[in-house]
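**Q** Structure for the following, please:
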Amino acid sequence: MTVPQASSIPQGGSYVLTNVRLHTSLTPGLAAAFDADGLALADIAIAEGRISSIAAHRQSRTPADALDLAGRIVMPCFVDCHTHIDKGHIWPRKPNPDGTFMGALNATGADRAARWSADDVARRMDFSLRSAYAHGTRALRTHLDSVAPQEEISWPVFETMREKWRGRIELQAACLLGIEGVRDRKWFERLAKRVAGAKGVLGVVTYMVPDLEELLDQVFAQAIKHGLDLDFHADETDDVSAISLKKIAEAALWNGFEGKIMVGHCCSLARQPDLDVLDTLDKVAKAGLAVVSLPMCNLYLQDRRGDKTTPRWRGVTLLHEMKARGIAVAVASDNTRDPFYAYGDLDMLEVYRMATRILHLDHPVADWPQAVTATPAKVMRLDGFGTLAAGGPADFVVFRGRSWTELLSRPESDRIVVRGGQAIERQLPDYAELDDLMVE
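**A** Coordinates of the predicted model:
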């Protein structure tokens, strides 16, 4: 059996990929015989960079010059809705001393104060985006550390990077600061204006501070005033008393907020009593919040006990229970080679593979593939992203795996990424490019 190569994909004009496997949750309207995992054989016709048709595979109707993919899985390009590419790749110069959350917080803060010039941030961000692009990501939201004076450095870098990458990766940004920073109302309003001017998203990290409700009201007030969506980090801890997810939902309801709200982490929810969990989830559903779990980072940081003691829980939130209530749920990369997560490469297939194992996104597979494609695209207001449909852009990834177990058992390092109907050159950047940034 011949394995399709990137060079097999025509570099223009019209062509047909036949005998591909598509997932029912990612191909709305496709009438085909789907198997238990939601996969079916189909043919995709491409013309001038767009999908002209998708139909169930009919061997007798296959054009003679069609490229037969022999049942290999094709997925839409990924949407990575929670990353930190301003922090990415600082591990070699500032590792986490003990693998804990506080170790990560302190190490990152020290590195930011000492090293995050515009050139430093720009080079690391570009390195990260080249990695994500090569792996098949089409859209990415990054958080930007925005404590003074870093916001005056990183936001202009982001705006420049967004223009540089336009047409390859749709880049969004959300500001990031601890909720206590909102107490300086004048400064926070200036930040909100800065974010609005950059067409960004307003974001904070919530903690159980005594004035949390008042501070949340200030966040919502600025979002409403400037027409901004919201993106929170919440309850990234195993402390059962951490209930800021519920407080965010309550604030959204009493403020009548109509924008999009994404909340990340929510780890403590998995540690709380059932009645408290049910109350929180009911409010989250009513408020229309979306939740993103960051399985790799939270597995790394949460319940790290030290003293050669084994962790006792996985660190992730209750995605199954949320999804059962109609709450939009996603998984994403989070940090990459920085003190919050020592590993990773912004490869959303790796994220989905790990999420499947950690969160049991299988038996059945159901529509969980939307968690890295269509669902985050909707929360990020990206029409036409995360699905494959006639009339849509020919942006997809061709894998070697022909079944779900094949797809999630190997790294798929030889995947073919197609953008605008043409296979891209998948050149991952060399870590050596950043060596000069790692010298003290």
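**Q** Helices along the stretch 301-440 of the chain, start to end?
**A** With DSSP state H, counting those that start in this stretch as the criterion, the stretch 301-440 of the chain has helices at 319-324, 348-359, 374-379, 404-407.
**Q** ranking these by burial, who's on top?
**A** helix 374-379 (a mean of 24; mean count of other CB atoms under 10 Å). Every C-beta, even on glycine, is put in place using the N, C-alpha and C of the backbone.
**Q** any idea of the mean pLDDT for that helix?
**A** In this model, helix 374-379 has an average pLDDT of 98.
**Q** Just the residues contacting that helix, thanks.
**A** 25-26, 76, 79-81, 139, 141, 260, 262, 290, 292, 328-330, 332, 383, 385-387 (CB atoms under 8 Å, 6 or more residues apart in numbering).
**Q** about what we covered before: can you list the helices of the stretch 301-440 of the chain in JSON lines and add distance to Gly203?
**A** Formatted as JSON lines, the helices of the stretch 301-440 of the chain follow (distance: least, CB to CB, whole Å):
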{"stretch": "helix 319-324", "distance to Gly203": "20"}
{"stretch": "helix 348-359", "distance to Gly203": "20"}
{"stretch": "helix 374-379", "distance to Gly203": "13"}
{"stretch": "helix 404-407", "distance to Gly203": "33"}
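**Q** Nearest to Arg61, out of those?
**A** helix 404-407 (26.7 Å; CB to CB).
**Q** Now tell me what touches stretch 190-206 from outside.
**A** 141, 143-144, 146, 151, 155, 158-159, 172-179, 181-182, 212, 216, 219, 222-223, 225-236, 244, 247-248.
**Q** Need the three-state assignment for the closest residue to Ile85 other than its chain neighbours.
**A** Of all residues not flanking Ile85 in the chain, Ser128 sits nearest, at 4.1 Å (CB to CB, 6 or more residues apart in numbering). Of the three states, Ser128 takes helix according to DSSP: H, G, I helix; E, B strand; the rest coil.
**Q** for the one 10 residues further on, same thing?
**A** On the three-state scheme (three-state DSSP), Arg138 is labelled strand.
**Q** Apart from its chain neighbours, what residue comes closest to it?
**A** Using CB to CB, 6+ apart, the nearest residue to Arg138 is Cys77, at 3.5 Å.
**Q** Neighbours of the one you found, how many?
**A** 24 (other CB atoms under 10 Å).
**Q** My guess is it contacts Thr137. True?
**A** Yes. Between Cys77 and Thr137 there is a contact under CB atoms under 8 Å: 6.5 Å.
**Q** and Pro149, how many neighbours?
**A** Counted with other CB under 10 Å, Pro149 comes out at 10.
**Q** begin at 408 from here
**A** Shifting the count to begin at 408 puts that one at Pro556.
**Q** give me phi/psi at it?
**A** phi -100, psi 20 (degrees, to the nearest 10).
**Q** Quick check: pLDDT value at it.
**A** 96.
**Q** how far away is it from Leu598?
**A** 12 Å (CB to CB, to the nearest Å).
**Q** do the same with Thr434
**A** 41 Å.
**Q** likewise Pro411?
**A** From Pro411 to Leu598 the distance is 48 Å (CB to CB).
**Q** With Leu815 instead?
**A** Leu815 is 41 Å from Leu598, by CB to CB.
**Q** between Pro411 and Leu598, who's got more neighbours?
**A** A count of neighbours by other CB under 10 Å puts Leu598 above the other of Pro411 and Leu598, at 22 against 19.
**Q** Give me the mean pLDDT for whatever helix or strand the more buried one lives in.
**A** Here Leu598 sits within helix 592-604, counting by DSSP states H and E. In this model, helix 592-604 carries a mean pLDDT of 98.
**Q** centre of the chain versus it, how much separation?
**A** 25 Å (CA atoms, centre = their mean, to the nearest Å).
**Q** Compute the inter-axis angle for the following helix or strand past that helix and helix 592-604.
**A** Downstream of helix 592-604, the first helix or strand assigned by DSSP H and E is strand 609-613. Using axes from the mean of the first three to the mean of the last three CA atoms, to 10 degrees, the direction of strand 609-613 lies 130 degrees away from that of helix 592-604.
**Q** And strand 609-613, how far out from the chain middle?
**A** With CA atoms, centre = their mean, you get 17 Å for strand 609-613.
**Q** and if you look at stretch 549-566?
**A** Chain-centre distance of stretch 549-566: 19 Å, with CA atoms, centre = their mean.
**Q** Likewise for stretch 662-682?
**A** Relative to its chain's centre, stretch 662-682 lies at 17 Å (CA atoms, centre = their mean).
**Q** So for that stretch, what gets flagged as buried?
**A** Within stretch 662-682, the residues scored as buried using 16 or more other CB atoms under 10 Å are 662, 664, 666-679.
**Q** Same question for stretch 728-747.
**A** 728-730, 734-747.
**Q** Now do the same for it: mean pLDDT, whole number.
**A** Rounded mean pLDDT across stretch 728-747 is 98.
**Q** swap in stretch 523-533?
**A** 98.
**Q** which residues are in contact with it?
**A** 492-493, 495-497, 549, 552, 557, 560-561, 563-565, 567-568, 571, 840-841, 844.
**Q** ok so, going back, identify the farthest-apart pair in the buried residues of stretch 662-682.
**A** That would be Gly666 and Arg678, which, of those, are the farthest apart (CB to CB) at 29.5 Å.
**Q** show me what contacts His491?
**A** Counted by CB under 8 Å, 6+ apart, His491 has contacts Thr549, His550, Asp552, Leu583, Asp741, Asn742, Thr743, Asp745, Phe747.
**Q** Could you tell me the per-residue confidence at it?
**A** 98.
**Q** Now, the contacts of stretch 523-533 that are in strands?
**A** Those of the contacts of stretch 523-533 mapping onto strands are Thr549, Asp552, per DSSP state E.
**Q** Can you say which of the contacts of stretch 523-533 are buried?
**A** Counted by 16+ other CB under 10 Å, the contacts of stretch 523-533 give 492-493, 495-497, 549, 552, 557, 560-561, 564-565, 568, 841, 844 as buried.
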